[in-house]
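**Q** here's my sequence, what's the structure:
(2 chains)
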Amino acid sequence: MIIGVLALQGAFFEHVHMLKQVVAKRELNYQVQEVRTVAQLNQCDALVIPGGESTTMSLVAERSGLLEPLRQFVNNTDKPIWGTCAGLILVSDQANRTKRDGQELVGGLSIRINRNHFGRQNESFIEPMNLEFLEDKATPFDCVFIRAPAVDTILDSTNRSPPEGTICAPINIKAANARGPVQILAKTKRGDIVAVKQGRIFGTSFHPELTSDTRVHEYWVSTFC
Amino acid sequence: MTAINDSQAPVAGTPRPPVEPSAASNTSFTLKAGLAQMLKGGVIMDVVNAEQAIIAERAGACAVMALERVPADIRAEGGVARMSDPKLIKEIMQAVSIPVMAKCRIGHFVEAQILESLGVDYIDESEVLTPADDVHQITKNNFRVPFVCGAKNLGEALRRIAEGAAMIRTKGEAGTGNVTEAVRHMRTINAQIKRASTMADDELYVFAKELGVSFHLLKETAKKGRLPVVNFAAGGVATPADAALCMQLGCDGVFVGSGIFHGENPEKRAKAIVQAVTHYNDPAILAEVSTDLGAAMVGRTDYYINKPRA
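**A** Below you'll find the predicted structure:
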């Protein structure tokens, strides 16, 4: 299996580094590679979309001819996907708080995401959380939130029509149905939804790749890949 | 070092070992350095008003840098260059959703306090502005907002990190459109790190003394084979090829100042530089994005925006 890490902009190297550690630790025959072109994407069986600036990533993806291939990749519901922070924004079907149009979403998760949910850099924080989905859930995981988004609404047929100012990805209903409902995996102390899964798509608002704790990467590799 | 060699395989060019969390001594530093990690592989553009900030965001900038005048104008007009008017900074923050950085003068910790209270995402304690203090730098550890600082060599970079800088950039010579100095600074830092990484502890103690830095920080840097924080190129980048050159030399990203808004067709040039930083190892894409950009800024080869200290 080849796990790709989208390397258009942002903290992609940190993910590559973590995934390689997990692959080595579990003695898996997986390769990890950076993805900047359609050819590289087409070699991959799974994809991580890292943190960075979602606006930049989406514009560079579009100009590099990667946006549609990314949508096709995500719409293949057999492929494991993981979006962190900006990556979570990109794999959301809808996003709030974009200041202007022009940013495109890849889509995939039936959620409306709230960009910069917690505020600017001054409001960035680390919250040790007991993540129920980890094998070792008793040891708190240091969740790093940097200008982070959070899930605003889980979308279903009743609330799909977007409020004004929302940007939307083209919806693939067949893929959405195949994935089933969105599961909430983690909430902060004050109740913000910061980790979800739907089918083989996993999304986190926080950055496990900025810690030295490989548990979330191990979870994704062993559960999704 | 194993991680470095191991991760080099998929792409040609200079390896980019991750900025490991051990560099972060505490929670607040993880957050400061973490934002810089999110900016990697991106272009940070100098802007003087909201209108330029919007052009930069549309072009794909990963952040904008608010300043009073771009360096080329500071050179042309002379006079004291200071922090921007807070009104302009607020307008820029309202206009764009990407991170907003702003420059304050070296040693001017009150300008820094003002910028922090405005809620900017990063402060650049910058030699491009007229230094307020020709001896002391700001104690950046005292602030919650992260700082980026310029460096010409490893000693300067590690001293700024010790003071609390969570991101480093080359000084280059801003406003010249000439990349020579940025390249010199990048090569100097790389060469000094390489040298340090071959040294035994007894030699490192002497080298630390020579550089005017702590042994501990130098040893950490030598062990990692890179600066312990994100390192961008800055000062004189004017073309997509300049930006890709800096990336191939091992920078994590690029600042572009006068190079964009002083050339013809700023939007097209800005987009081209963004593409060049992502695809820095792909000459075919670089050729494509370098095509038909119109004239670059004229540039100048007389150096030193502020006379170097004696």
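**Q** tell me where chain A has helices.
**A** For chain A, helices defined by DSSP state H occupy the ranges A:12-25, A:38-42, A:54-63, A:67-75, A:86-90, A:173-179, A:215-224.
**Q** flag every buried residue along the helix or strand hosting residue B:245.
**A** Using DSSP states H and E, residue B:245 maps to helix B:240-248. Within helix B:240-248, the residues scored as buried using 16 or more other Cβ atoms under 10 Å in any protein chain shown are B:240-247. Every residue, glycine included, has its C-beta placed from N, CA and C.
**Q** show the pLDDT at the residue of chain A most remote from its centre.
**A** Ranked by distance from the centre of chain A (Cα atoms, centre = their mean), the top residue is residue A:27, with 25.0 Å. For residue A:27, the model assigns a pLDDT of 96.
**Q** residue of the stretch 151-300 of chain B with the smallest distance to chain A?
**A** In the stretch 151-300 of chain B, the residue found nearest to chain A is residue B:278; the distance is 5.2 Å by Cβ to the nearest Cβ.
**Q** that residue reaches residue A:35, doesn't it?
**A** No: assessed by Cβ atoms under 8 Å, residue B:278 is found out of contact with residue A:35, at 11.1 Å.
**Q** which residues of chain A score low on pLDDT?
**A** A:98-102 (pLDDT under 70).
**Q** please redo it, this time with the cut-off set to 80
**A** Confidence mapping of chain A against pLDDT under 80 gives the ranges A:97-102.
**Q** flag the shaky bits of the stretch 101-250 of chain B, pLDDT-wise.
**A** In the stretch 101-250 of chain B, no residues with pLDDT under 80.
**Q** near chain A, which residues of it show up?
**A** Contact residues, the stretch 101-250 of chain B versus chain A (Cβ under 8 Å from any Cβ of the partner chain): B:116, B:119-122, B:144-146.
**Q** and those residues, which of them are in helices?
**A** Per DSSP H, these map to helices at residue B:116.
**Q** just the buried residues of the residues of the stretch 101-250 of chain B next to chain A.
**A** Buried among these (16+ other Cβ under 10 Å): B:116, B:119-122, B:145-146.
**Q** now do the contacts for the spatially most central residue of chain A.
**A** Taking Cα atoms, centre = their mean, the centroid of chain A lies closest to residue A:83, which sits 1.2 Å from it. Neighbour list for residue A:83: A:48-49, A:89-91, A:109, A:201-204 [criterion: Cβ atoms under 8 Å, 6 or more residues apart in numbering or on different chains].
**Q** put together CSV for these, with neighbour count on each row.
**A** Shown next, in CSV, are those (neighbours: other Cβ atoms under 10 Å in any protein chain shown):
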residue, neighbour count
A:48, 27
A:49, 32
A:89, 31
A:90, 30
A:91, 25
A:109, 31
A:201, 25
A:202, 25
A:203, 30
A:204, 26
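**Q** now, among those residues, which is nearest to residue B:51?
**A** residue A:89 (25.6 Å; Cβ to Cβ).
**Q** is stretch A:11-23 in proximity to chain B?
**A** Yes: using Cβ under 8 Å from any Cβ, stretch A:11-23 reaches chain B at A:11-14, A:16-17, A:20.
**Q** and the residues you listed, which two are the farthest apart?
**A** Applying Cβ to Cβ across these, the maximum distance is between A:11 and A:20, 14.8 Å.
**Q** the one residue in the stretch 101-250 of chain B that gets nearest to chain A and residue A:158, how far apart?
**A** Using Cβ to the nearest Cβ, the closest approach of the stretch 101-250 of chain B to chain A is made by residue B:121 at 3.9 Å. Using Cβ to Cβ, to the nearest Å, residue B:121 is found at 37 Å from residue A:158.
**Q** equivalent analysis for residue B:81, please.
**A** 56 Å.
**Q** just residue B:167 next, same as before
**A** Residue B:167 is 45 Å from residue A:158, by Cβ to Cβ.
**Q** and residue A:45, by the same measure?
**A** Residue A:45 is 35 Å from residue A:158, by Cβ to Cβ.
**Q** same check, this time on residue A:31
**A** Residue A:31 is 42 Å from residue A:158, by Cβ to Cβ.
**Q** pull the contacting residues for residue B:183.
**A** B:245-246, B:249.
**Q** so is it in a helix, a strand, or just coil?
**A** helix (DSSP: H, G, I helix; E, B strand; the rest coil).
**Q** more neighbours: which of residue A:31 and residue A:158?
**A** Neighbour count, other Cβ atoms under 10 Å in any protein chain shown: between residue A:31 and residue A:158, residue A:31 has more, with 17 against 6.
**Q** what count of nearby residues applies to residue A:110?
**A** Residue A:110 - counted by other Cβ under 10 Å - has 26 other residues nearby.
**Q** of the contacts of residue B:183, which is the nearest to residue B:180?
**A** Out of those, the member with the shortest distance to residue B:180 (by Cβ to Cβ) is residue B:245, at 11.0 Å.
**Q** so who does that closest one touch?
**A** With Cβ under 8 Å, 6+ apart, residue B:245 has these contacts: B:179, B:183.
**Q** the residue of the stretch 101-250 of chain B closest to chain A against residue B:101, yeah?
**A** Yes: Residue B:121 lies in contact with residue B:101 (Cβ under 8 Å); the separation is 6.3 Å.
**Q** where do the contact lists of the two overlap?
**A** residue B:63.
**Q** which of residue A:11 and residue A:20 has more neighbours?
**A** Higher neighbour count among residue A:11 and residue A:20: residue A:11, with 30 against 19, using other Cβ under 10 Å.
**Q** check whether the helix or strand encompassing residue B:89 contacts chain A.
**A** Assessed by DSSP H and E, residue B:89 sits inside helix B:86-95. Yes: applying Cβ under 8 Å from any Cβ, one finds helix B:86-95 touching chain A at B:93, B:95.
**Q** now that helix: buried residues?
**A** Here helix B:86-95 shows B:88-93, B:95 as buried, counting by 16+ other Cβ under 10 Å.
**Q** out of the residues you listed, which is nearest to chain A?
**A** Nearest member of the buried residues of helix B:86-95 to chain A, counting by Cβ to the nearest Cβ, is residue B:95, at 7.0 Å.
**Q** surely the closest one and residue B:54 touch.
**A** Yes: using Cβ under 8 Å, residue B:95 is in contact with residue B:54, at 5.5 Å.
**Q** let me see the ranges of the strands in chain A.
**A** A:2-6, A:31-35, A:46-49, A:81-84, A:92-96, A:109-114, A:125-129, A:141-145, A:150-154, A:167-168, A:183-187, A:193-198, A:201-204 (DSSP state E).
**Q** roughly how far is the shortest one from the heart of the chain?
**A** Computed by Cα atoms, centre = their mean, to the nearest Å, the chain-centroid distance of strand A:167-168 equals 16 Å.
**Q** anything in that strand near chain B?
**A** No: Strand A:167-168 lies apart from chain B when judged by Cβ under 8 Å from any Cβ; the minimum separation is 11.4 Å.
**Q** repeat that for the first one.
**A** No: contact of strand A:2-6 with chain B (Cβ under 8 Å from any Cβ) is absent, the minimum separation being 9.6 Å.
**Q** parallel or antiparallel, list what pairs with that strand.
**A** strand A:31-35 (parallel), strand A:46-49 (parallel) (DSSP bridges).
**Q** distance to residue B:221 added to those, as JSON lines?
**A** Formatted as JSON lines, the strands paired with strand A:2-6 follow (distance: least, Cβ to Cβ, whole Å):
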{"stretch": "strand A:31-35", "distance to residue B:221": "25"}
{"stretch": "strand A:46-49", "distance to residue B:221": "28"}
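**Q** next one: residue A:168 from chain B, what distance?
**A** Taking Cβ to the nearest Cβ, to the nearest Å as the measure, residue A:168 falls 17 Å from chain B.
**Q** how about that residue, nearest residue that isn't a chain neighbour?
**A** The spatially closest residue to residue A:168, leaving aside those adjacent along the chain, is residue A:94, at 5.0 Å (Cβ to Cβ, 6 or more residues apart in numbering or on different chains).
**Q** ok, that neighbour - how many residues close by?
**A** 25.
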